[in-house]
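> Pasting the sequence and the predicted model now:
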Amino acid sequence: MDCDPETLHFLSQCFLHTLSPAPEPRRKAEASLLDASDRPEYGRAVLSLVSQPAVDEQIRIAAAVNFKNHLKVRWAPSASPDESSIVAPLSPIPDAEKELIRAKIVPLMLSSSPKIQSQLSEALAVIGKHDFPKSWPALLPDLVASLRNAAQSSDYASINGILGTANSIFKKFRYQYKSPELFLDLKYCLDIFAAPLLEIFLKTAVLIDNANAGGAPSATLRPLFESQRLCCRTFYSLNFQELPEFFEDHMKEWMLEFKKYLTTSYPALENSDASGLALVDELRAAVCENINLYMEKNEEEFKGYLDGFALAVWTLLTNVSQASHRDQLAVTAIKFLTTVSTSVHHALFEREGVIPQVCQGIVIPNVRLRDEDEELFEMNYVEFIRRDMEGSDLDTRRRIACELLKGIATNYKQQVTQLVSVQIQNLLSSFAANRTVNWKDKDCAIYLVVSLATKKAGGTSVQTDFVDVQSFFINVIVPELQDVNVNEFPMLKAGALKFFTMFRNQIPKQIALQFFPHLVRFLGAESNVVHSYAASCIEKLLLVKEDGGQARYSSADITPILLDLMTNLFNALKFPESEENQYIMKCIMRVLGVANITGGIAIPSIDGLTSILNEICKNPRNPIFNHYLFESVAILVKRGCEKDASLIPAFEAKLFPSIQFILANDVSEFFPYAFQLLAQLVELDRPEIPESYMGIFEILLSPESWRRTSNVPALVRLLQAFLQKTPHKLNGEGRLSQVLGIFNKLLSLPNSYEQGFYVLNTVIENLEYGVIAPYIPHIWTALFTELQRRRPVRLIKSLLIFMSLFLVKHGSAHLVDTMNAVQPNIFQGILVQFWIPNLKHITGVIETKLAAVASTRLICESSSLFDAAAAEHWGKMLDSIVTLLSRPEQDRVEDEPEMPDISENVGYTATFVRLFNAGKKEEDPLKDIKDPKEFLVASLAKLSTLYPGRFPQVISHYLEPANQASLLQLCSTYNCPIV
């Protein structure tokens, strides 16, 4: 694509129409741009358009946004798109065009308006992520030269553009793992940028001091403060991995300015408007993050500045209001004090009166509910629960204030315990004096107890030293649970339910059971948080285990309330905003997993679940809710239909239309779930599968069904179910050929070959030898071809399991002869190269037993191994069998050299999610053999009587000494001598 006037006019018109409110011209323009983006020089042409000052500003901004997004997907497109994708991979930007873009983007960014500059800065960061520094060595020197030129003229628009770009480029030093390459890049950046960064930081500091002293307007200070904030964020990136020598040498200059920003007021900004105060707070928060970083990683070098900063932060916190727009500053400042409290310099808190002041001046004010908390509770219950119940609130004032107390308690536990206990009692007394007005005091007391609880090692139980749990539950929590009005003071009710949930292990069963009916009542609360917490409490209670591992609550415990419980759970899903409430659905799943499932529960439950399923199929939105929904259906099928076969027709009548809708309307997110449920239904114990299922079987055999890799595990699971239940259906209409074609396809894909073996193993296990015999040469050819192409450990293990299964089902003679029929003497090569050395890698109880028994039968039955020339193979095979059976897995299994491919697991729609409750039952193909160790020595003893004196010599020559001793011990244990 040329950069001539005609092209630029075309692009200009396209970008103009993308801004149109009318959908038709907008879509047409977007399609034209998408088509043009495939052509070489597109990015350069768009960048040329952005550089045209005569073009309307809005068009140039739209072009800059498009340019940035174009670079994100084209600068370094993924080299290995998902195998399931039917879209051609994006063509990368040619190297010549990249060179032109790199040469033009920095000067253009610096000369552009702020909005365009922002977009180009992001685009530059995209390039830098892939090319800097190796493929773009000129970038940093150019930025430094531009920075010094801009500094001479105090051009802070350009200065901040350069600093913003540098900040974006250097962010990688915060999150990448340490490596020689990373430190080389870091050193390169430090050598070039550390000194200019300090120069502009100190220059700007002087300008701020002069402007502040001279009463300059906020407009003068704003770009200066933004510049210092960017310098601080760059400081954080460059210091994150370790303390660089330059920064250690110039620590005093940095720290003096940092402290100044924490202790100096800037009335022109702070009193102008909210944005001015926010700018000051952002700089102070960045300073707090920097000193916290030094406190965590460079404590020894930083200790000389600690007292001054601790006092500065303390003073700052006492003057920070409770307004939500000041939360970031409050949180970062408290984090710094928390880090100090757990360090070797914790003696700062030992001084008289400090801990009480912390509690009164910082903790309690920040733990109290604010109007913003109440608003979040009412308007966005999902976010409230995410912060409050799920522990993602570490960056909120309430949680970080409690973390500060925990930090101080690390070294001053007795003082903190006494102080907090008194505070809790004072808050509860205040509530008792006026329940209506002071309800927030009780909420604060409950929050303190819950948030300061600590987890016991190695479990989910929590403990607290601040209150007696049972006494607090009875006196403080129970009144809220017994309140007949479930809608009054909902935040208090939520706090009480959270306490019950958190301390569920400490509350005795006989006491907790009394309040199960009250929990069921709270499912009817109008507040989304309250009925969510009630559901979560029930769900977590049903998971409680006694010390011996036995579930504390059984089906008998919930039987009296079961009908009301299920009714209220399904009704709770009808509340506004709770139609897809994952906490409710998870509780339904858990209850169905514990309860005694009768027809009176099963039928209404499957009716309710399929009704919800039919609704969400129209627009799947919440993957967690959807997963628990399908788990609930699966456990209902498992525990209902397997117990009472008369329920099967009713379940099929409800589920089949839903599954058909999913498949017919391409609700691809639900395909894996649908196939797993179908497998579960196929496997139900009944004489004959209804003919209606065979239509699904035909769909299953179609290659089209296997195009999406995310469906493969579920399809394999369903195919296995059909093969096990209806093996006789494979004989006609070429179905076995189709099944083996599926195996062949899966075997050839790097992420699916194990699934291919699952199919193959099921065929071998369930079909008679006469049926599969014509296809066996094809199977061996496919396997040998794959072994020539690649040999990952998992593939070899899968091959060993298959050969073992083949042997135990159809005999060693068939195994050896069919392999050698494909290629003469190939069996011996497979035995030496793969079977013997990799037998020890087999894991899993059933798999280990299968491989050990098959290997035993091979050396005791196969005539090819009785030959004197094969004595070495026989001995080494026995050595591997003894290793497999006598040594723990961790001692014999090596880490696999290959890394799992996680690309398929990115994104909800692109991955397979296994239904735990629809899991395939593991079948033991050797039920008649109880002990593979006994089978080994018994078989050897029997064989040795046919060839007396032959095998002891082979054993002494080829078995490792440890394995000789283990074999001797086994022979003694089972009284099976080898003669």
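Thanks, I have the structure now. Numbering: from 1, shown residues only.
> Flag the shaky bits of the stretch 451-600 of the chain, pLDDT-wise.
457-460 (pLDDT under 70).
> Could you measure from the nearest residue to residue 251 once chain neighbours are set aside over to residue 649?
If the residues on either side of it in the chain are set aside, residue 251 comes closest to residue 301, at 6.8 Å by CB to CB, 6 or more residues apart in numbering. C-beta: built from backbone N, CA, C; applies to glycine. Noted for residue 301: a distance of 76 Å to residue 649, by CB to CB, to the nearest Å.
> can you pull out the strands in the stretch 401-550 of the chain?
For the stretch 401-550 of the chain, the strands defined by DSSP state E, counting those that start in this stretch occupy 454-455, 462-463.
> Could you export those as a markdown table, including mean neighbour count?
As requested, the strands of the stretch 401-550 of the chain are exported to a markdown table (neighbours: other CB atoms under 10 Å):
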| stretch | mean neighbour count |
| --- | --- |
| strand 454-455 | 10 |
| strand 462-463 | 14 |
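> nearest to residue 507, of these?
Nearest to residue 507, of all these, is strand 462-463, at 11.8 Å by CB to CB.
> what's the closest one in contact with?
Under the contact criterion CB atoms under 8 Å, 6 or more residues apart in numbering, strand 462-463 has outside partners 453, 454, 455, 456, 502, 503, 505, 506.
> Stretch 848-863 now?
With CB under 8 Å, 6+ apart as the test, stretch 848-863 has contacts from 800-801, 803-805, 807-808, 811-813, 815-816, 835, 839, 842, 865, 874, 877-878, 880-881, 884-885, 924-926, 929, 932-933, 935-936, 939-940, 942-943.
> The same query, at a cut-off of 6 Å, please.
The contact list for stretch 848-863 (CB atoms under 6 Å, 6 or more residues apart in numbering) reads 800, 804, 807-808, 812, 842, 865, 874, 877, 881, 884-885, 926, 929, 932, 935-936, 939, 943.
> Restricted to helices, list those.
Assigned to helices by DSSP state H, the following of these qualify: 800, 804, 807-808, 812, 874, 877, 881, 884-885, 932, 935-936, 939, 943.
> Please pick the buried ones from the residues you listed.
Buried members of the ones in helices among the contacts of stretch 848-863, counted by 16 or more other CB atoms under 10 Å: 800, 804, 807-808, 812, 874, 877, 881, 884-885, 932, 935-936, 939, 943.
> quick one: which of those is nearest to residue 689?
residue 808 (27.1 Å).
> picking that back up, mind checking which of the strands of the stretch 401-550 of the chain is nearest residue 793?
For those, the distance to residue 793 is smallest for strand 454-455, at 37.2 Å, taking CB to CB.
> For the strand or helix carrying residue 556, output the C-alpha coordinates as PDB.
Secondary structure from DSSP states H and E places residue 556 in helix 555-558. Output of helix 555-558 as PDB, limited to C-alpha atoms (Å, rounded to 0.1, in the frame of the first residue of the first chain):
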ATOM      1  CA  SER A 555     -27.700 -36.900  54.300                       C
ATOM      2  CA  ALA A 556     -29.700 -37.600  57.400                       C
ATOM      3  CA  ASP A 557     -28.800 -34.200  58.900                       C
ATOM      4  CA  ILE A 558     -30.300 -32.300  55.900                       C
END
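> Tell me which residues are up against it.
Applying CB under 6 Å, 6+ apart, the contact partners of helix 555-558 are 594, 595, 596.
> which secondary structure elements does the next helix or strand along the chain from it contact?
Following helix 555-558 in sequence order, the next helix or strand is helix 562-572 (DSSP H and E). Where contact means 3 or more CB pairs under 6 Å, 6 or more residues apart in numbering; DSSP states H and E, helix 562-572 is packed against helix 516-522, helix 582-594.
> Beyond the longest one, next helix or strand please.
Pointing back at helix 582-594 there. Helix 582-594 is succeeded, C-terminally, by helix 599-616 (DSSP H and E).
> Tell me which other helices or strands that next one touches.
Contacts defined by 3+ CB pairs under 6 Å, 6+ apart place helix 599-616 against helix 623-636, helix 648-664.
> For residue 128, see how far away residue 110 is.
Counting by CB to CB, the separation of residue 110 from residue 128 is 16 Å.
> What is the neighbour count of the closest residue in space to residue 652 that isn't next to it in sequence?
Once flanking residues are discounted, residue 652 sits nearest to residue 681: 6.6 Å by CB to CB, 6+ apart. For residue 681, the neighbour count with other CB atoms under 10 Å is 23.
> neighbouring contacts of the host helix or strand of residue 681?
In the assignment (DSSP H and E), residue 681 maps to helix 671-682. Helix 671-682 is contacted from outside by 630, 637, 659, 662, 711, 714-715, 717-718, 721, 725, 912, 915, 918, using CB under 6 Å, 6+ apart.
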